[in-house]
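1. sequence first, then the predicted structure, then my questions.
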Amino acid sequence: MSQIAEGWLRRSKKDKLHFLEIAEGSLLELESHGEVAKEVGYWNKEQYENFNKQRSWVSYLLYKYKKSII
């Protein structure tokens, strides 16, 4: 989530939102990696569900942070 840290230093709302959108894209990439890990058997169902729960929480936090800037 280095995009969030970099965006934090930006002065304009537009720049901050840009970096948050990049962070959201990175989170979607992470979601797809998690699905692959489950499908190839690297993670069992419980591990995937734990990962997905945490990913969902981070997604929610990003949404709320983005909303607070707008």
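-> Looks like it came in fine.
2. residue 26 in helix, strand or coil?
-> At residue 26 the chain is in helix, as set by DSSP: H, G, I helix; E, B strand; the rest coil.
3. just use 857 as the starting number from now, easier for me
-> Sure, I'll start counting at 857 from here, so that last one is residue 882.
4. in terms of pLDDT, where does it sit?
-> pLDDT recorded at residue 882 is 91.
5. next: residue 879.
-> pLDDT at residue 879 comes out at 88.
6. what of the one 10 residues further on?
-> Note on residue 889: pLDDT of 96.
7. likewise residue 860?
-> 56.
8. what does the one 5 residues further on give?
-> Residue 865 is assigned a pLDDT of 63 by the prediction.
9. what sits up against the strand or helix carrying residue 918?
-> Take DSSP states H and E as the rule and residue 918 turns out to sit in helix 901-925. The contact list for helix 901-925 (CB atoms under 8 Å, 6 or more residues apart in numbering) reads 857, 860, 869, 872-873, 876, 879-880, 883, 886-887, 890-891, 893-894, 899. Just so you know, the C-beta spots here come from the backbone N, C-alpha and C atoms, and that holds for glycine as well.
10. report the rounded mean pLDDT for that helix.
-> Average pLDDT, helix 901-925: 94.
11. residue nearest the centroid of the chain?
-> In the chain, the centroid-proximal residue (CA atoms, centre = their mean) is residue 883; its distance is 3.1 Å.
12. where does the residue of the chain positioned farthest from its centre land on pLDDT?
-> For the chain, the largest distance from the centre (CA atoms, centre = their mean) belongs to residue 897, which lies 23.0 Å off. The model reports residue 897 with a pLDDT of 97.
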